[in-house]
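J.: sequence first, then the predicted structure, then my questions.
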Amino acid sequence: MTTHHMTAADGGGRLVVDALEKHYQLDGAEVPVVKGVSFTIEPGTFTSLLGPSGCGKTTTLRCVAGLETSDGGVISLDGKVLSTGTRHVSPDKRDVGMVFQNYAIWPHMSVFANAVFPLQVAAGRLPKKEARTRAMEALELVQLDAYAHRPATALSGGQQQRLALARALAHRPKLLLLDEPLSNLDAKLRDTMRNELRSLQQRLGITALYVTHDQSEALSMSDRVAVMNGGRIVQEAAPRDLYFAPADRFVADFVGRVNLIPAVVRDRDANGDALVEAFGTRLVTPCPVESGTGADVTVTFRPESVRWHAAPVDRPNLLPARVARVEFLGEIVEYEAEILDGATTVGRVIARGAPLNSPTEGSTVFLELAPQACRVLAA
Amino acid sequence: MSRVERTTRAGRTRPTGMTVATVIAGSVIFLLLAIPLAVQVITAFRGPFLPFGVSTARWSTENFVTLWGLRDDFWDVLGATAAFVGGSTVLSLLMAFGLAWVTVRTDAPFRRMISVLVIVPFIVPSIVKAQAYLLMLSPESGVLNQLLRLLPGDLVIDPYAFSTMVVIQSLTNVTFPYLMIVPILTGMDGSLEESARVSGASWGQTLRRVTLPMLWPGLLGVMVLTFILGLGSLEVPLLFGQESGKDIFALKLWTLISAGAGELPQYGLAAAWGCVFLVITTIAFVIYLRATRDAERRASISGKGFRPTTMKLGGWRIPVLLAILVFTMLTAVLPLFALLWSAITPYPLAFSFDALRTQTHFTAFGEVLADGEFWASLGRTLIIAGGSATIACGAATVLAYGIARSRATGWTRSMDLFASSSVAIPAVIAGFAMFLTFMVINPVIPLAGTIAALVIAYSYRVSIAYRAGFSATLQIRTELEEAALISGASRLEGFRRIVAPLLAPTVFAVWIQMFILGTNEFTLPAFLATPESRPLSVYMYAMINPRSAQLYAPDQGAAMALIFTLLVFAIGYGLQWLVSLRSIGRAARRGRVVDAATDALGTAAVAVEATDATDTRSVAAQQVAELTHR
Ligand SMILES: Nc1ncnc2c1ncn2[C@@H]1O[C@H](COP(=O)(O)OP(=O)(O)OP(=O)(O)O)[C@@H](O)[C@H]1O
Ligand SMILES: [Mg+2]
């Protein structure tokens, strides 16, 4: 790819969202949708808002864009206050770019006209030639320069998506907002675009706020992920921390597949590990939760952290089990095992492993739940 | 691609019963539109009077030669008509767009109320509105001129000035484009504008560069239909034009066939005029078809994630509300007041509290209610409006379903075009052509001047129902019917249990709209009715027309107009209420802005126009969509 004038030097802004509130009026009643959301995005980093449908991600993003007026809290970009609960800078004066879920490509304009638009309407309007060059640069970034003079309607879904991105970047905003931009693409294209989007963001050094309900998108692209549920942020962390150290059952369950096993704390040792009772036996696990002996907790572990042995080995947390179901998924195999206490089943565990080394359905195995792969969360 | 495949499959297995019904419906519509137009064209080429059964009838181009001989007159009429219809179309479009914008896309207070007030003129018959303006503008006693005198400056509006006529025409017709623009604005994908805003465009820039260009094809379609509507309506030219000395086409046609004493009416020449104007409206119709096609293409790009955006008015609140207040005064409050004042005063009298105390009485209302002819013509109005709405909706729905679900062939395509074409026929031409037709066939089928003739004539607006039925059918995915078949239902049963209930809301909404159009109709009966078959609108005109000698009783005419308006409102509202209980309430709860227009008659019309124009997001269509998505 050619070198561009658009470089990290343009940089991104620091977005601070503090105690953001938003209500909708529905049948005369106030329905809170965003309930005190706070987060900070450092310049040039990529943050995702991840959460189930209807949790308020889009609403939060639109408040940042100024398309929705917030009802409380402060939004500021590079120290410039964009919104307080009462005063709002209008969207055209916020210096942000946005990619909409449906792309929102203007069908009555050419590809070039779409890309150059932000440069033509900006307050400090650029000279015609300069605007042209910059729009072409933006189109080059997304490899659409060859299509500049096509009608915008004559683009494929993926190309429309790129055009939307070029348009959002053309005026070199401080902050790029993206609302599920990949959700309308097919799986293969989604993977490609994911990589391109991320590398473009890093190359330009632009600050990005990305909304998605797809956890693999969030984990793979982001520097930080904020998990939302019911209008609140429940955890904000780097992708790895989020995955391996979820703050609560919701996050553990929402981000990736997980086993959630009810347990009771029996004992704790000096270095924070706990001895919990689950499946009728004792398991050793790290225990960040402040819970005394006898407390009800949940033990969590990821399916892929479960190892199986055909015969008993001398390791902690070894459970006899019968393989009830084996599902071949391609690059991995997922199997469901019934934990046995003698002849009775005391629980179920989902496990994943390499396809070439998987237990057979109906066989009896020994599952190993390595203590460092387990976590205790509040019940 | 897939649509062709789908419809082919459905087409092949369609039972013969359904085909027969489609063919019958198609023939009815064909005869309804083709015969009158043919008769008119033949009349233009066959002599000065009737084309058949009279000694003067023979083939000739004489009428066109005469027309060309009078070409100065012809150019005058053409110029005056273009100025009158064009001017009023542009004006009413501007007003309609502004109003629709305010009610749909802004946070203006009282939006709900405004959208109902805008619809009120729709249920007041045009002839009544025209009369009300005449009363309002009377130089001495008119309430508007009285109000203007309160202002500084010597402003008096001359009711017979050409510009006054243009403004009045635009005010009487503004509801029609409004009802069509509302769904276009509602249907526009808000994210297209939002992305412009985020790109740094101000509201003004967004409107100019994104919104208007996006909506342009749709608006062009509305413009063409408003133009044809204006060209066809006789009311304002009849009441104002005779005095203003300008020959407007509708009036010209009317005067040509109302012969002076001892002369034969010049049907041939009138038919020649009609032919020339039909060519003009056909061109407009082609523009309309193109525009709607473009609009559909543009509409199709918008994807999911649809949210309507509203503009914060802020400081503009007050000026906007003031403008709307003036508009409402001009279209609803003052006309109704002028009618009321005229009904309770014995002769034209300027309003004063003194006059109110000493001169007014309510006897006119009593006289109207005691007048047998009032009740008789009211009954005829309801029969004609209800009958024609039923015929048009019935035939149009069957045909629309048949065509939408069959393989596209030359036949179905021409029938589709033909069934849509009555929007291109101005009412005066339809009225005149129907009049000629009934005269011609009278020796064989004596229908001239009967109520049946009026029912047939009113049904010519069948295209409205056809377009609505067609879009509604396309919205019902064939899978729904196929699912019924697989469940073991017969084709007919599938139609009855699945398709009919899904189409019903649209058909009912269209029926209400056509019914109300029918009760308001003046132009068609002006050509066709006799004193024995005349509907209320014509009877009312006779009462307010000084030339109608012994019937002339302006206070009773005004009282009748008020009673009639109330009745139409009550009937329309009652019917609407029945629908709204089900579908509209649901749509409104979903927070769509169309709900603003749901009250009273709005939705019926919105539903129709929505499907008719460019967008399918009408309330009825929404309901269909909702059902299909379950
Ligand atoms: N205009 C509105 N009026 C009333 N409620 C609304 C409106 N827009 C959104 N909501 C509600 O606000 C909540 C949050 O909506 P939002 O669009 O932010 O969700 P989301 O997290 O983006 O979901 P998704 O992943 O499905 O896009 C939802 O429960 C929604 O029903
Ligand atoms: Mg969303």
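T.: Structure received. Ligands and ions are numbered 1, 2, ... in the order given.
J.: when you work out contacts or count neighbours from here on, use the C-alpha atoms and nothing else.
T.: OK.
J.: closest point of chain B to chain A, which residue?
T.: B:G200 (3.7 Å; Cα to the nearest Cα).
J.: which residues of the stretch 1-150 of chain A lie near ligand 1?
T.: Applying Cα under 6 Å from any ligand atom, one finds that the stretch 1-150 of chain A approaches ligand 1 through A:24, A:26, A:33, A:52-59.
J.: now the helices: where do they sit in the stretch 151-300 of chain A?
T.: A:157-170, A:187-204, A:215-221, A:239-244, A:249-254 (DSSP state H, counting those that start in this stretch).
J.: between those, which one is nearest to A:T40?
T.: Smallest distance to A:T40 across those (Cα to Cα): 15.8 Å, for helix A:239-244.
J.: helix or strand for the nearest residue to B:F527 once chain neighbours are set aside, which one?
T.: Among residues not flanking B:F527 along the chain, B:G431 sits closest, at 5.7 Å (Cα to Cα, 6 or more residues apart in numbering or on different chains). Using DSSP states H and E, B:G431 maps to helix B:427-441.
J.: contacting residues around that helix?
T.: The list of residues contacting helix B:427-441 from outside it, by Cα atoms under 8 Å, 6 or more residues apart in numbering or on different chains, reads B:35-37, B:39-40, B:50-53, B:229, B:232-234, B:250, B:253, B:271, B:274, B:278, B:446-448, B:453, B:457, B:460, B:523-528.
J.: just the C-alphas of it, formatted as PDB.
T.: Extracted C-alpha coordinates of helix B:427-441, given in PDB (Å, rounded to 0.1, in the frame of the first residue of the first chain):
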ATOM      1  CA  ALA B 427     -61.900  14.700 -13.100                       C
ATOM      2  CA  VAL B 428     -63.400  17.100 -15.600                       C
ATOM      3  CA  ILE B 429     -62.300  15.000 -18.500                       C
ATOM      4  CA  ALA B 430     -63.600  11.900 -16.800                       C
ATOM      5  CA  GLY B 431     -66.900  13.600 -16.000                       C
ATOM      6  CA  PHE B 432     -67.300  14.900 -19.500                       C
ATOM      7  CA  ALA B 433     -66.300  11.500 -21.100                       C
ATOM      8  CA  MET B 434     -68.700   9.700 -18.900                       C
ATOM      9  CA  PHE B 435     -71.400  12.200 -19.700                       C
ATOM     10  CA  LEU B 436     -70.900  11.600 -23.400                       C
ATOM     11  CA  THR B 437     -70.800   7.800 -23.000                       C
ATOM     12  CA  PHE B 438     -74.100   7.700 -21.100                       C
ATOM     13  CA  MET B 439     -75.700  10.000 -23.800                       C
ATOM     14  CA  VAL B 440     -74.500   7.700 -26.500                       C
ATOM     15  CA  ILE B 441     -75.600   4.400 -25.000                       C
END
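J.: in stretch B:495-505, which residues are buried?
T.: For stretch B:495-505, a neighbour-count test (16 or more other Cα atoms under 10 Å in any protein chain shown) marks B:495, B:498-499, B:502-505 as buried.
J.: just the pLDDT at the residue in chain A that chain B sits nearest to, thanks.
T.: Nearest residue of chain A to chain B (Cα to the nearest Cα) works out as A:D92 at 3.7 Å. With respect to pLDDT, A:D92 scores 83.
J.: if we can go back for a sec, want to throw the helices of the stretch 151-300 of chain A into a markdown table with mean pLDDT and mean neighbour count?
T.: Formatted as a markdown table, the helices of the stretch 151-300 of chain A follow (pLDDT from 0 to 100; neighbours: other Cα atoms under 10 Å in any protein chain shown):
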| stretch | mean pLDDT | mean neighbour count |
| --- | --- | --- |
| helix A:157-170 | 89 | 25 |
| helix A:187-204 | 89 | 15 |
| helix A:215-221 | 92 | 19 |
| helix A:239-244 | 91 | 18 |
| helix A:249-254 | 91 | 18 |
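J.: from A:A245, how far off is whichever residue of the stretch 101-250 of chain A sits closest to ligand 1?
T.: Closest contact between the stretch 101-250 of chain A and ligand 1, by Cα to the nearest ligand atom, is at A:H213 (5.7 Å). Per Cα to Cα, to the nearest Å, A:H213 is found 19 Å from A:A245.
J.: got a list of what A:D92 touches?
T.: A:D92 sits next to A:122, B:197-202 when contact means Cα under 8 Å, 6+ apart.
J.: how many residues are close by A:A122?
T.: Counted with other Cα atoms under 10 Å in any protein chain shown, residues neighbouring A:A122 total 17.
J.: ditto for B:W316
T.: Neighbours of B:W316 (other Cα under 10 Å): 11.
J.: A:Y103 now?
T.: By other Cα under 10 Å, 30 other residues sit near A:Y103.
J.: measure it to A:N114 for me?
T.: Counting by Cα to Cα - A:Y103 and A:N114 are separated by 11 Å.
J.: if we can go back for a sec, excluding chain neighbours, give the residue nearest to the residue of chain B closest to chain A in space.
T.: Excluding its sequence neighbours, the residue lying closest to B:G200 (Cα to Cα, 6+ apart) is A:D92, at 3.7 Å.
J.: ok but that neighbour is inside a helix, no?
T.: Yes. According to DSSP: H, G, I helix; E, B strand; the rest coil, A:D92 belongs to a helix.
J.: how near is it to B:D107?
T.: A:D92 is 19 Å from B:D107, by Cα to Cα.
J.: again with A:L367
T.: Relative to B:D107, A:L367 is positioned 62 Å away (Cα to Cα).
J.: what of B:P265?
T.: As judged by Cα to Cα, B:P265 and B:D107 stand 57 Å apart.
J.: I'd like to know which of the contacts of helix B:427-441 are buried.
T.: The buried subset of the contacts of helix B:427-441 - by 16+ other Cα under 10 Å - is B:36-37, B:39-40, B:50-52, B:229, B:232-234, B:250, B:253, B:271, B:274, B:278, B:447-448, B:453, B:457, B:460, B:523-528.
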